[in-house]
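J.: sequence-free structure coming up:
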């Protein structure tokens, strides 16, 4: 009986205890569900809050600019050593096609694709290699168009790179694309007239620069997660973030002397070798001057002979001028004297003829011509004879009629009258002839006077011409004297002699500055012309670095930089930008149209392992 009670009590106790356990489990489940709902609500609220304040995208990757290397002409690759992963320097010769031009790297980079091998045929139809630009590494994130107006340049960005796990890196928005990714790739939406339309959210590329130090050179193409705060304060230039710029450069001497010679003489002795340190004024080389000295002696003798010849020419010409001037002043020039004699003769002849003409005219007018007077006397006598004969005939006829004389005597008287009349007629004719002869004489004299006047005028003209000729002779001799004096100007020959003497002075090549001989082009026995030596100060170094156009506005003269080199290992040297070239470098014609500027960087570290000609990296923080 007691055992049964005990069993019943135990059953009741178990029943009571089991009911309590079930109730406790329900309470725990309810609490868990409540907590789960609370956590879900919290994270949901947080998610929506984050979505309203940030844009997060996994559509992002590490990228850079790429250049395709394409041969200019088809042919066989005579030289080609590129392989994927190899690093190349800007302007480095990458290879060449047999018989063609070489192709070079457009920038410092790494080979990401190699499609050819040395000795294989290639053509311009396809690239033989692709090089990634290591100085332009960045992150490109494709952001939905709905967020793009809420993102501004310079906004801080948080980046998570898959390769580094959950490690976060800081960066900033460096550039916002102006064209959507769909426009660039051609995946644009199209419209139709069927009444249906599907809207596709466009993606806008955003360029992001990381400000924390991380080596992205081996991470090209890797995915990243980008987190950008929305509606951040826009910044015109992200100067509040650390921006590292790295560029390639070449070590040079800041003090370089190029020693030239234009003598063109045989080098007799070279006193230095490459690597020798020289001081300013030190003799570097000596020319063979034997022929030069002979040339100088010949030039000196020629100059002296020219001086003597010029002096004699001037003296002779001056004497001729003096004589001509004296003859001109005294009218003693032989041609002038002859012309004067001709004038005097012509004048005397003219005056004589004029006198004869005046006499003849006077005789004609006054009747005093001897020939006319004589003819007139003969005519008067003949007239008297006629009158006497007429009287005698009349007397004879009277006497005949009276019978005093015979008919014969009458006839004789008549014949005497006829003869007297004939004599009178002849005397009249002679008088007329004398008058006519006088008129003809006057006419001849007038003609002669006119001819004599012409001859006299011609003689005067000839005299004037002779005097003009004498004056022209004087002028010509004056010109000859001046010409002789000009010819006596031996400045050209004197300059030629001075040039030879200066060449003699330059027969020793002197160091214009102290330093180290880094290049030597002069050798004994060779013709010395052009660049002979290069002297550089190996302690005063600088780097000529190349910066991209989008970085050139961020650097300035006086900016501190760090200089590193693969050759010197981990060594980091201090430098300072001393000059920025004002013009861009000539384009190499590569795809992308990369524009670069050169800047000079002074090496200010006291002791370095840098050597002239080394390729280095110039690193700086903005």
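T.: Arrived safely, thanks for sending. Small disclaimer: the values here were computed from a predicted structure and weren't measured. Residues are numbered from 1 along each chain as shown.

J.: Could you count how many residues lie near residue 449?
T.: 20 (other C-beta atoms under 10 Å). Just so you know, the C-beta spots here come from the backbone N, C-alpha and C atoms, and that holds for glycine as well.

J.: Identify the residues contacting the closest residue in space to it that isn't next to it in sequence.
T.: Using C-beta to C-beta, 6 or more residues apart in numbering and skipping residues adjacent in sequence, the residue nearest residue 449 is residue 353, 4.6 Å away. Applying C-beta atoms under 8 Å, 6 or more residues apart in numbering to residue 353 gives the contacts 445, 448, 449, 452.

J.: From those residues, which land in helices?
T.: 445, 448, 449, 452 (DSSP state H).

J.: What about the second one, how many residues nearby?
T.: Think residue 448. So residue 448, with other C-beta under 10 Å, has 17 neighbours.

J.: Do you know the pLDDT at it?
T.: Residue 448 is assigned 90 on the pLDDT scale.

J.: so the closest residue to it other than its chain neighbours is in which element?
T.: Distances taken as C-beta to C-beta, 6+ apart place residue 353 nearest to residue 448, at 4.8 Å, with adjacent residues excluded. Element membership for residue 353 (DSSP states H and E) is helix 334-366.

J.: and the next element down the chain from that helix?
T.: Moving toward the C-terminus from helix 334-366, the next element (DSSP H and E) is helix 370-401.

J.: before we move on, the earlier item: specify which member of the ones in helices among the contacts of residue 353 is nearest to residue 86.
T.: residue 452 (118.2 Å; C-beta to C-beta).

J.: Spit out the contact partners of the closest one.
T.: Applying C-beta under 8 Å, 6+ apart, the residues near residue 452 are 346, 349, 350, 353, 354.

J.: From residue 525, how far out is it?
T.: 92 Å (C-beta to C-beta, to the nearest Å).

J.: Need the pLDDT of the residue nearest to residue 445 when sequence neighbours are not counted.
T.: What sits nearest to residue 445 in space, not counting adjacent residues and going by C-beta to C-beta, 6+ apart, is residue 357, at 3.9 Å. Looking at residue 357, its pLDDT reads 86.

J.: Residue 357 touches residue 442, doesn't it?
T.: Yes. Using C-beta atoms under 8 Å, residue 357 is in contact with residue 442, at 6.7 Å.

J.: top strand in the protein by residue count?
T.: Ranked by residue count, the top strand of the chain under DSSP state E comes out as strand 256-270.

J.: average pLDDT for that one?
T.: The average pLDDT within strand 256-270 is 88.

J.: Pull out the buried positions in it.
T.: 257, 259, 261, 263, 265, 267, 270 (16 or more other C-beta atoms under 10 Å).

J.: strand partners of the following helix or strand past that strand, parallel vs antiparallel please.
T.: Scanning forward in sequence from strand 256-270 by DSSP H and E, the next helix or strand is strand 277-278. Strand pairing for strand 277-278, using DSSP bridges, gives strand 515-520 (antiparallel).

J.: The stretch 101-250 of the chain: strands as residue ranges?
T.: Taking DSSP state E, counting those that start in this stretch as the test, the strands found in the stretch 101-250 of the chain are 102-104, 109-114, 121-122, 129-133, 138-144, 156-161, 168-176, 203-210, 224-229, 244-253.

J.: who wins for proximity to residue 78 among the ones you listed?
T.: strand 102-104 (9.7 Å).

J.: and that closest one, what's its mean pLDDT?
T.: Strand 102-104 comes out at a mean pLDDT of 82.

J.: Spit out the contact partners of the closest residue to residue 204 other than its chain neighbours.
T.: Closest residue in space to residue 204, ignoring its immediate chain neighbours: residue 148 at 4.7 Å, by C-beta to C-beta, 6+ apart. Going by C-beta under 8 Å, 6+ apart, residue 148 touches 176, 204, 206.

J.: before we move on, back to that, between the contacts of residue 452, which is closest to residue 564?
T.: Closest to residue 564, out of all of these and judged by C-beta to C-beta, is residue 346, at 112.5 Å.

J.: Could you tell me how many residues sit around residue 499?
T.: Neighbours of residue 499 (other C-beta under 10 Å): 12.

J.: could you measure it against residue 322, distance?
T.: Residue 499 is 39 Å from residue 322, by C-beta to C-beta.

J.: Likewise for residue 395?
T.: 97 Å.

J.: tell me the angle the helix or strand harbouring residue 422 makes with helix 334-366.
T.: Residue 422 is part of helix 407-487, with elements assigned from DSSP H and E. Per axes from the mean of the first three to the mean of the last three C-alpha atoms, to 10 degrees, the angle that helix 407-487 makes with helix 334-366 is 160 degrees.

J.: List the contacts of the helix or strand following helix 407-487.
T.: Counting by DSSP H and E, the next helix or strand C-terminal to helix 407-487 is helix 491-505. With C-beta under 8 Å, 6+ apart as the contact definition, helix 491-505 has outside contacts at 263, 265, 289, 292, 293, 295, 296, 299, 300, 302, 303, 306.

J.: What is the nearest of the residues you listed to residue 82?
T.: Nearest to residue 82, judged by C-beta to C-beta, of the contacts of helix 491-505 is residue 263 at 46.8 Å.

J.: list the contacts for the closest one?
T.: By C-beta under 8 Å, 6+ apart, the neighbours of residue 263 are 287, 503, 506, 507, 528, 529.

J.: Next: residue 571.
T.: 564, 565, 608, 609.

J.: Can you read off the backbone torsions of it?
T.: phi -70, psi 130 (degrees, to the nearest 10).

J.: pLDDT wise, what is the closest residue to residue 246 other than its chain neighbours at?
T.: Sequence neighbours aside, residue 619 is the residue nearest to residue 246 in space, at 4.9 Å (criterion: C-beta to C-beta, 6+ apart). Note on residue 619: pLDDT of 90.

J.: Can you give me the domain boundaries for this structure?
T.: 2-54, 61-135, 256-289+507-536, 327-487 (automatic domain parsing).

J.: could you redo the ones you listed as CSV and give each row distance to residue 585?
T.: Converted to CSV, those look like this (distance: least, C-beta to C-beta, whole Å):
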stretch, distance to residue 585
domain 2-54, 42
domain 61-135, 10
domain 256-289+507-536, 20
domain 327-487, 54
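
J.: Lowest average pLDDT across these?
T.: Across these, the lowest-scoring stretch is domain 2-54, with a mean of 61.

J.: Among the contacts of helix 491-505, name the ones in helices.
T.: Using DSSP H, the contacts of helix 491-505 in helices are 292, 293, 295, 296, 299, 300, 302, 303, 306.

J.: now, which of those sits nearest residue 314?
T.: For the ones in helices among the contacts of helix 491-505, the nearest to residue 314 is residue 306 (12.4 Å; C-beta to C-beta).

J.: still on that earlier bit, list only those of the contacts of helix 491-505 flagged as buried.
T.: Buried members of those, counted by 16+ other C-beta under 10 Å: 263, 265, 289, 292, 295, 296, 299.

J.: any idea how far the fifth one lies from residue 265?
T.: Computed with C-beta to C-beta, the distance linking residue 295 and residue 265 is 11 Å.

J.: Give me the angle between the helix or strand containing residue 600 and strand 244-253.
T.: For residue 600, the host element (DSSP H and E) is strand 596-603. Counting by the same axes, to 10 degrees, strand 596-603 points 70 degrees away from the direction of strand 244-253.

J.: helices and strands around strand 596-603, which ones?
T.: strand 541-548, helix 549-552, strand 560-564, strand 572-580 (3 or more C-beta pairs under 8 Å, 6 or more residues apart in numbering; DSSP states H and E).

J.: Can I get the ones you listed in JSON lines including mean pLDDT, mean neighbour count and distance to residue 133?
T.: Below are the helices and strands packed on strand 596-603 laid out as JSON lines (pLDDT from 0 to 100; neighbours: other C-beta atoms under 10 Å; distance: least, C-beta to C-beta, whole Å):
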{"stretch": "strand 541-548", "mean pLDDT": "91", "mean neighbour count": "23", "distance to residue 133": "9"}
{"stretch": "helix 549-552", "mean pLDDT": "82", "mean neighbour count": "16", "distance to residue 133": "12"}
{"stretch": "strand 560-564", "mean pLDDT": "92", "mean neighbour count": "19", "distance to residue 133": "19"}
{"stretch": "strand 572-580", "mean pLDDT": "94", "mean neighbour count": "17", "distance to residue 133": "21"}
